[in-house]
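Peer 1: fold the following for me, if possible:
(3 chains)
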Amino acid sequence: MAIASSDTAIRTGRVTRFFLYLVLILFALFYLLPFGVMLVNSVKPLAEITGGNMLSLPDVWTLEPWFKAWSSAQIGVEATGLSPYFWNSIKMVVPAVAISTILGALNGYVLTKWRFKYDTLIFGMMLFACFIPFQIVLIPMARILGLTGLAGSTPGLVLVHVVFGLGFTTLYFKNYYQVFPTELIRAAQIDGAGFFRIFQRILLPSSGPIIVVSVIWQFTNIWNDFLFGASFADLDSQPMTVALNNLVQSSHGVKEYNVHFAGAVFAALPTLLVYIVAGRYFVRGLMAGSVKG
Amino acid sequence: MGFLDIKNATKSYGELEVLHKVDIEVEEGEFLVLVGPSGCGKSTLLNMIAGLEEITSGEIAIKGTTMNGVHPSKRNIAMVFQSYALYPNMSVGQNITFGLEMHDVPKPEREKAMNNVAKLLQIEQLLDRKPGQLSGGQRQRVAMGRALVRDPDVFLFDEPLSNLDAKLRVDMRTEIKKLHQKLGATIVYVTHDQIEAMTLSTRIAVMNGGYVQQLGTPKEIYNTPNNLFVATFMGSPSMNLVPVKIVKLDKGIAAETSNAHGQTVSLPFSSPSDELKSYVGKTVILGIRPEAFTDPGGADRDASNIVEIDNEVIVTEPAGSDTFVMTTLGGKECNARMRADVQVKPGSQARFAINMDKAVVFDTDTEMRIP
Amino acid sequence: MASHATNPDFRTRLQNWIPKLVLSPSLALILFFVYGFIFFTVYLSFTDSRILPSFGWVGFENYEKLFRLRHWDIAVSNLVVFSGLYIFFCTVIGLMLAIFLDQKIRGESVLRPIYLYPMALSFIVTGTAWKWFLDPGIGLEHTMHLWGWESFEFNWIKDRNFAIYTVVLAAVWQSSGFVMAMFLAGLRGIDNEMLKAAQMDGASNFSLYRRIIILQLRPAFLSAFVILSHLAIKSYDLVVALTGGGPGRATEVPATFMYSYTFTRNQMGIGASSAVTMLLTIVAIMVPYLYSELREKK
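Peer 2: Numbers count the residues shown, from 1 in each chain, chains lettered A, B, ... in the order given. Okay, here's the model as predicted:
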């Protein structure tokens, strides 16, 4: 009789285990390959890509494509490289993430600890807003941004991202604060702390993990957004993703694949870095937002 | 007018009334325990005193000032919570002084008050620790410290001992009692544990279904329960309840029932009231506490009316200090509390002594005690 | 005698109002930018708007036109094929990897991030990588030829009939790791004592999974389905980056259809009606789900 002492009750034989590892490693290759190969090819001279084997390491290592993608590649009509767009993205992402996270935290706090009539309905409306296809708001959004003079500007994009990120940040903070003991809030009330002081002194110091989750989630989503950037930005506010697409899709001249790849790596770098640094929280956050229990 | 007045306090959520016109006057220095099963409304009442829940109708006043609508922090109350509710990110010292800080008490005074309380509760060495590093008993002390430091008019305790293990619970119970005697504080204490209620309180309010079933001293509650609910809820093992018929004797009246063999048993009352006499011929419920139902040698010598009967022993449960012996009266199982080394065997006959001085009688229909 | 004042004091009243005040900016934003805009777009879909919104009421004309358009037909059938395959493969691969990873695998902490990292990438980056990887001229096919496998052919991305499958491939590559993480969390939440009990009852590993474990993952299945279908209907970036809707219109989906009709073909009325159709599809999937989620939490 098997008395399982380990933390999983399932036991597997040798052959099965070999098969398991084989499948798992093959899939790891599948996930690594396209991006990994792109990374390798971004440090090859163009001739090696068009003439050679994509899976081989470069004969000549060069960072030339990286420099070119960053500072001198032709994007649209101007040969500026991706750097201005990189900064456009930063200028858009930082305030959008900060504002949506702060609002989400306050909303989560209200919706769990200061409940009132119809709060579930309000939360439901916010949550539903996460899931609408954004096509439904494109036309009026373009109109409003135009009317308010925010069209084609970074503040305009920040506004859009705050609005459509609110549902998720509220969801995260609500789920997190839901299990935060309400007795603590009551104790603080009796101690004489008001709404904001309770938030600042009691809740906020314990909110580290969920702030990380919210920031990572919002950062990834907003950085990676293409639709809003393509729809509402103009040259001096265009984010990285739109610029990368322009670079890759440009039809004139020789297709400089290595520069495209370097550009794609630049566009992927911030989110990948965030993911590598705080990936564990990221996964936990995805769980919090999607799977319960 | 008392120190803390609860007048006709009613709580309803929409249509649902969960607390019905509660009336309690608490004197200064009293230790009032609200006891009852979960969902009886005791915590709701406590939260209403604290101001954490609104009063739907009626009034709650402290020192003659109505507290309806007054913010919790302005009521000069302090509360100890079931989970202790210590702020996890603050040190013990900060936890204790947080309330004073919120009330703009200057720092030197806060420190002084904190040190006094820490000394009183012997938690001086814990002041710099975080709540997460404390044991259950230590957290309990800190939670009490946080309440004490405010020097409130009324202390509110919401099942403060229910998260502790049995041994610690008894120790802390004694400690709370000592603290009350020392400080003479006015306390309202919620628990579902009737032993806690009995040991701690100067008065008990037994609650059920949103009603106060009985309000009285522990002794009153235990010896003369108002109704069947109070009788069964208070006391462990609970009171034996036997359906009996009231019969007239030459002198006075008796309760008549049957033993395990179906033989008639007659239990004459010591000094029946006129009201009880009016029940002659009717069936009522006789209540006998296990300690009033014992072996002849263990019976109370001061009692005036001990009735001895023979009955069959069903089960014996030696409990160290006593032996509980199960038998049946009137078809109901009854628990008798005998001396520890009494010689009785399951299935055999034994002689039981019933102290009828302590017997109480309830009306079958209204379930109220017949005085 | 104390008065029977039931009016809360100022502080209590203030404390009652602050939470609502704090919530109100968010609520206003959502009401205006989400629900107001939805209303506006729905309205536009019944008007003769072309390059700019106009307010001539035309009833269901736009919808009639939309449903007669061959272009829309292609987009919808592409979406059906795409989302069906995408949801199926993501679920199967995600579940398989999660079950395999749950067998006390050495190196789980290395494998898990490898499976998950595509989730952190922009669809534009994914599209760039896969577009080239699948390009027969320089990508995988070319490499195979160089390695001496002359007959190897993999030109789906250039083939009208197969191009949509390359979108599926890239999308599955991006999202299946995420689905794996969801299932893994579900598996880790299953009570081990129950599994031990089942083993004592003589259940084999296979029947353990089939009869007990997978049934317990119901919430994870539901969440995965909802999130994947929502991602599928929203998918715009990937198609733009990978195929640009081509070759021809072979990989057009409703999201790209809406964009091109509204902003490049100046048929705003039809664009709006297509957006409304997309919204209704999402509503049909999401509302029952959200409703059950919110009810459970009470």
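Peer 1: need the contact list for residue 204.
Peer 2: Since you didn't name a chain, this refers to chain A. Residues near A:Leu204 by Cβ atoms under 8 Å, 6 or more residues apart in numbering or on different chains: A:Ala105. Any C-beta I mention is one placed from the backbone N, CA and C, and that applies to glycine too.
Peer 1: actually, chain B is the one I wanted.
Peer 2: Residues in contact with B:Ile204 (Cβ under 8 Å, 6+ apart) are B:32-33, B:35, B:197-198, B:214-218, B:221, B:234.
Peer 1: distance to chain C and pLDDT added to these, as TSV?
Peer 2: Shown next, in TSV, are the contacts of B:Ile204 (distance: Cβ to the nearest Cβ, whole Å; pLDDT from 0 to 100):
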residue	distance to chain C	pLDDT
B:Leu32	20	95
B:Val33	25	95
B:Val35	28	94
B:Ala197	29	92
B:Met198	33	92
B:Gln214	27	94
B:Leu215	21	94
B:Gly216	26	94
B:Thr217	27	94
B:Pro218	30	94
B:Ile221	29	93
B:Met234	33	91
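Peer 1: in JSON lines, list those along with distance to chain A.
Peer 2: Shown next, in JSON lines, are these (distance: Cβ to the nearest Cβ, whole Å):
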{"residue": "B:Leu32", "distance to chain A": "19"}
{"residue": "B:Val33", "distance to chain A": "20"}
{"residue": "B:Val35", "distance to chain A": "20"}
{"residue": "B:Ala197", "distance to chain A": "22"}
{"residue": "B:Met198", "distance to chain A": "26"}
{"residue": "B:Gln214", "distance to chain A": "29"}
{"residue": "B:Leu215", "distance to chain A": "26"}
{"residue": "B:Gly216", "distance to chain A": "29"}
{"residue": "B:Thr217", "distance to chain A": "29"}
{"residue": "B:Pro218", "distance to chain A": "28"}
{"residue": "B:Ile221", "distance to chain A": "29"}
{"residue": "B:Met234", "distance to chain A": "28"}
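Peer 1: drop anything exposed from these.
Peer 2: Neighbour counting with 16 or more other Cβ atoms under 10 Å in any protein chain shown marks B:32-33, B:35, B:197-198, B:214-216, B:218, B:221, B:234 as buried within the contacts of B:Ile204.
Peer 1: in helices only, show me those.
Peer 2: B:197-198, B:218, B:221 (DSSP state H).
Peer 1: which one of those residues sits closest to C:Ala224?
Peer 2: Nearest to C:Ala224 among these, counting by Cβ to Cβ, is B:Ala197 at 51.8 Å.
Peer 1: how about the contacts made by the closest one?
Peer 2: B:33, B:35, B:191, B:204, B:206, B:218, B:234.
Peer 1: tell me the one of those nearest B:Lys63?
Peer 2: Comparing the contacts of B:Ala197 against B:Lys63 with Cβ to Cβ picks out B:Val33 as the nearest, at 21.2 Å.
Peer 1: and the pLDDT at the closest residue to that closest one other than its chain neighbours?
Peer 2: Using Cβ to Cβ, 6 or more residues apart in numbering or on different chains and skipping the chain neighbours, the partner closest in space to B:Val33 is B:Ser201 (3.9 Å). pLDDT for B:Ser201: 93.
Peer 1: also the one 10 residues further on?
Peer 2: In this model, B:Tyr211 is scored at 92, pLDDT.
Peer 1: what does C:Leu52 give?
Peer 2: At C:Leu52, the model reports a pLDDT of 78.
Peer 1: try the one 10 residues further on
Peer 2: For C:Asn62, the pLDDT comes out at 84.
Peer 1: what number of residues lie near it?
Peer 2: Neighbours of C:Asn62 under the rule other Cβ atoms under 10 Å in any protein chain shown: 24.
Peer 1: what residues does the helix or strand it falls within touch?
Peer 2: Taking DSSP states H and E as the definition, C:Asn62 sits inside helix C:61-68. With Cβ under 8 Å, 6+ apart as the test, helix C:61-68 has contacts from C:45-48, C:72, C:269-270, C:272-274, C:277.
Peer 1: from those residues, list the buried ones, please.
Peer 2: Counted by 16+ other Cβ under 10 Å, those give C:45-47, C:72, C:269-270, C:272-274, C:277 as buried.
Peer 1: and the furthest pair within these?
Peer 2: So, the buried ones among the contacts of helix C:61-68 by Cβ to Cβ: farthest apart are C:Thr47 and C:Trp72, at 18.5 Å.
Peer 1: now stretch A:95-102: buried residues?
Peer 2: In terms of neighbour count (16+ other Cβ under 10 Å), stretch A:95-102 has its buried residues at A:95-97, A:99-101.
Peer 1: as TSV, the residues you listed with distance to A:Gly229 would be great.
Peer 2: What follows is the buried residues of stretch A:95-102, written out as TSV (distance: Cβ to Cβ, whole Å):
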residue	distance to A:Gly229
A:Pro95	15
A:Ala96	12
A:Val97	15
A:Ile99	18
A:Ser100	16
A:Thr101	20
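Peer 1: which one of those residues is nearest to C:Ala203?
Peer 2: Comparing these against C:Ala203 with Cβ to Cβ picks out A:Thr101 as the nearest, at 46.4 Å.
Peer 1: packing partners for the helix or strand encompassing that closest one?
Peer 2: In this structure, A:Thr101 sits in helix A:83-113 according to DSSP H and E. Secondary structure elements in contact with helix A:83-113, counted by 3 or more Cβ pairs under 8 Å, 6 or more residues apart in numbering or on different chains; DSSP states H and E, are helix A:64-71, helix A:119-131, helix A:154-178, helix A:208-224, helix A:240-249, helix C:10-30.
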